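1. got a sequence here, can you build the structure:
(chains A and B)
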Amino acid sequence: MKGLLIKDFFLTLANRRALIIIGIMSLFLAVAGNNETFIISYVSMFSSFLLLYTMACDEMSHSNAYLLTLPITRREYVFEKYIYGFLTIVAGWGFGFIICVVKFTAERQSIDWASWMAECGVILAAAILVTAVIIPIQIKYGSEKGRLVIAVAILVVFVILIVAGDKLMEGIDVHIMGIREFLREMPVNIIVLGAGIIWLLFILISFAASVKIMEDKQM
Amino acid sequence: MLLEVNNVKKIYDGFELNCSLRVAEGSITGLIGENGAGKSTVFKGIMDLISIDGGEIKILGADNRNLEKNIKENIGVVMSEGGFCSELSVRQIGTVMDSIYQSFGRRQFFETCKRFKLPINKKIKEFSTGMKAKLSLLLAISHDARLLLLDEPTAGLDVVAREEMLDILREYMETEGRGILISSHISSDIQGFCDDVYMIHEGSVIFHEETDAIADRYGIIKLSDREYGKLDKKYIIAYVKEGFGYKCLTDKRQFYMENYPKTVIEKGSIDQLITIMAKGERL
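-> Presented below is the predicted three-dimensional model:
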């Protein structure tokens, strides 16, 4: 797997334009904007695109088929994509975090660090979750079709929310209130642990699905 | 036996592959056939890149599905389409290969690249077709593999580049216990290089022979319609009807030379063999 990680790192370096855009945009947002949360979200999400670039490269040059002729299994190939995806997001998130800390210090802002860190943690978890949704779609449909599938899926969710959103909310209103009450009574630690377990389960399901897709894929 | 492909079937819509072939230690086996005959499907099946619908494939004695890493270490592959992403440089690829293969000779690989005038720091996308082909081959032989699977490694190359590549492979075969399966639609690559040859046509292996035997025993007999009618067809493998009459392929050239001394009989060549076997009628 080390070899695959190195390969993807080199491909990311080759994608210098994206790295420069991420850097310039985050600095611009830090200087011109006031929303630090947005900076971290922006950098984290954009960093996940670096993984998609490596997947597109693999696909375009039939590199994914070639790599499987080397001492690399299909499962390893998928596993590396998850690890590399998470590493790039953590790196992007870390970069955004440092920029925000510099901004806070330069502007001498007083910050509630506990709540700020919690907010950053949620952003990191969300970015990883989005990547976990995208990876199996990319493996199944490839980069061109995959983008289309993701766009259509987002559109479908929006249409459902707009057309049937009110009725849906009416129907589940009672339950939401119930859940809200239930959560309010729960200790924060338990809520965080529960969310963490659900998050981890989602990642594992995504990984299992990706492995299955890859194992069935005809190269 | 380095490679055994036994009664392998792969069924696509409108195409069916039926293939059996073997590659022994110390031998170079050629796989020939027209474009679309199924050569790449055979290679993909061997490397488990596609699932097969029947039969079995053994590489270095092991089932080809879920090959152990130590077996894969001993296989070098050139794909007709596919390789490292063209955004990478040779130096970067060397680093990647060094992390993937235990027996990758990094220094030797870079030295060989220099010997074949491959710029180490240039991205592959800036390489010519010949340079890309050379790089693919050098990568396949860079980790001391016992078996090379080369799908059209010389496609798109000029004569000089092709000869250079075949020289690399001849050098590779100097070590005992190695073997090569190579596909090509360029007959000269196969004729002067391989020990035996399989011909695949519309998904089926229709011919297997040692290349020396093709030159020694096989012949092409050119006949008018009247001569063809009188010909003893006992040793005719296939024939094709042409404007002037008939062209027949035989594996007993000597027999026809002795019994039909006035008939035009040429030595067997792979080009003629492909043409008659693929386009003609088999007897």
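
2. what about stretch B:165-184, near chain A?
-> No - using Cβ under 8 Å from any Cβ of the partner chain, stretch B:165-184 stays clear of chain A, coming no nearer than 13.1 Å. Placement of C-beta: from N, CA and C, glycine included.

3. what about the host helix or strand of B:Gly229, distance to the chain center?
-> Per DSSP states H and E, B:Gly229 falls inside helix B:225-230. Helix B:225-230 has its C-alpha centroid displaced from the chain centroid by 36 Å (Cα atoms, centre = their mean, to the nearest Å).

4. quick one: residues contacting the residue lying closest to B:Ser187 once chain neighbours are set aside.
-> Spatially, and ignoring its direct neighbours in sequence, B:Ser187 is nearest to B:Ile270 (3.9 Å; Cβ to Cβ, 6 or more residues apart in numbering or on different chains). Going by Cβ atoms under 8 Å, 6 or more residues apart in numbering or on different chains, B:Ile270 touches B:Ile32, B:Ser187, B:Ile190, B:Gln191, B:Val197, B:Thr211, B:Ile214.

5. how about the fourth one, nearest residue that isn't a chain neighbour?
-> With Cβ to Cβ, 6+ apart as the measure, B:Ile270 is the residue that lies nearest to B:Gln191, at 5.0 Å, once sequence neighbours are left out.

6. retrieve the pLDDT associated with that neighbour.
-> B:Ile270 carries a pLDDT value of 83.

7. what's the answer for the one 3 residues further on, then?
-> The predicted structure scores B:Leu273 at 84 on the pLDDT scale.

8. isn't there a helix covering it?
-> Yes - secondary structure assignment places B:Leu273 in a helix (DSSP: H, G, I helix; E, B strand; the rest coil).

9. quick check: it vs B:Glu210, distance?
-> To B:Glu210, B:Leu273 is 13 Å away according to Cβ to Cβ, to the nearest Å.

10. show me which of these two is the more surrounded one.
-> Ranked by neighbour count (other Cβ atoms under 10 Å in any protein chain shown), B:Leu273 and B:Glu210 place B:Leu273 first, with 23 against 14.

11. what about residue 67, how many residues close to it?
-> Assuming you mean chain A. For A:Leu67, the neighbour count with other Cβ under 10 Å is 25.

12. my question was about chain B, not that one.
-> Neighbours of B:Leu67 using other Cβ under 10 Å come to 20.

13. do the same with B:Ser86
-> What B:Ser86 shows, counting by other Cβ under 10 Å, is a neighbour count of 16.

14. give me the pLDDT for A:Val188.
-> pLDDT, A:Val188: 81.

15. swap that for B:Lys44, sorry
-> We note a pLDDT of 94 for B:Lys44 in this prediction.

16. which non-adjacent residue is nearest it?
-> Per Cβ to Cβ, 6+ apart, closest to B:Lys44 is B:Ile50, 4.6 Å.

17. same question for B:Val197.
-> Residue nearest to B:Val197 in three dimensions, not counting chain neighbours: B:Gly30, with 4.1 Å by Cβ to Cβ, 6+ apart.

18. same question for B:Ile11.
-> B:Asp53 (5.1 Å).

19. state the mean pLDDT of stretch A:62-73.
-> Mean pLDDT, computed over stretch A:62-73, is 93.

20. the helix or strand bottoming out on mean pLDDT in chain A vs chain B: in contact?
-> The helix or strand of chain A with the lowest confidence, counting by mean pLDDT, DSSP states H and E, is helix A:113-185 at a mean of 81. No - using Cβ under 8 Å from any Cβ, helix A:113-185 stays clear of chain B, with a minimum separation of 12.7 Å.

21. helices or strands up against the next helix or strand after that helix?
-> Per DSSP H and E, the first helix or strand lying C-terminal to helix A:113-185 is helix A:188-216. With contacts taken as 3 or more Cβ pairs under 8 Å, 6 or more residues apart in numbering or on different chains; DSSP states H and E, helix A:188-216 sits against helix A:74-107, helix A:113-185.

22. okay if I get those helices as TSV plus distance to B:Glu25 and mean neighbour count?
-> Output for the helices and strands packed on helix A:188-216, formatted as TSV (distance: least, Cβ to Cβ, whole Å; neighbours: other Cβ atoms under 10 Å in any protein chain shown):
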stretch	distance to B:Glu25	mean neighbour count
helix A:74-107	29	18
helix A:113-185	38	14
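
23. between those, which one is closest to B:Ile180.
-> Evaluated with Cβ to Cβ, the helices and strands packed on helix A:188-216 place helix A:74-107 nearest to B:Ile180, the distance being 26.1 Å.

24. packing partners of the closest one?
-> Judged by 3+ Cβ pairs under 8 Å, 6+ apart, helix A:74-107 is in contact with helix A:2-14, helix A:16-32, helix A:36-60, helix A:113-185, helix A:188-216.

25. mind listing the helices for the stretch 151-283 of chain B?
-> Listed in chain order, the helices found in the stretch 151-283 of chain B under DSSP state H, counting those that start in this stretch are B:159-172, B:187-191, B:211-217, B:225-230, B:253-259, B:270-279.

26. dump the last one to PDB, restricted to CA.
-> Output in PDB follows, covering the C-alpha atoms of helix B:270-279 (Å, rounded to 0.1, in the frame of the first residue of the first chain):
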ATOM      1  CA  ILE B 270       3.300 -16.400 -40.300                       C
ATOM      2  CA  ASP B 271       1.800 -13.700 -42.400                       C
ATOM      3  CA  GLN B 272       0.600 -16.200 -45.000                       C
ATOM      4  CA  LEU B 273      -0.500 -18.600 -42.300                       C
ATOM      5  CA  ILE B 274      -2.700 -15.900 -40.600                       C
ATOM      6  CA  THR B 275      -4.200 -14.900 -43.900                       C
ATOM      7  CA  ILE B 276      -5.100 -18.400 -45.000                       C
ATOM      8  CA  MET B 277      -6.200 -19.700 -41.500                       C
ATOM      9  CA  ALA B 278      -8.300 -16.600 -40.800                       C
ATOM     10  CA  LYS B 279      -9.800 -15.900 -44.200                       C
END
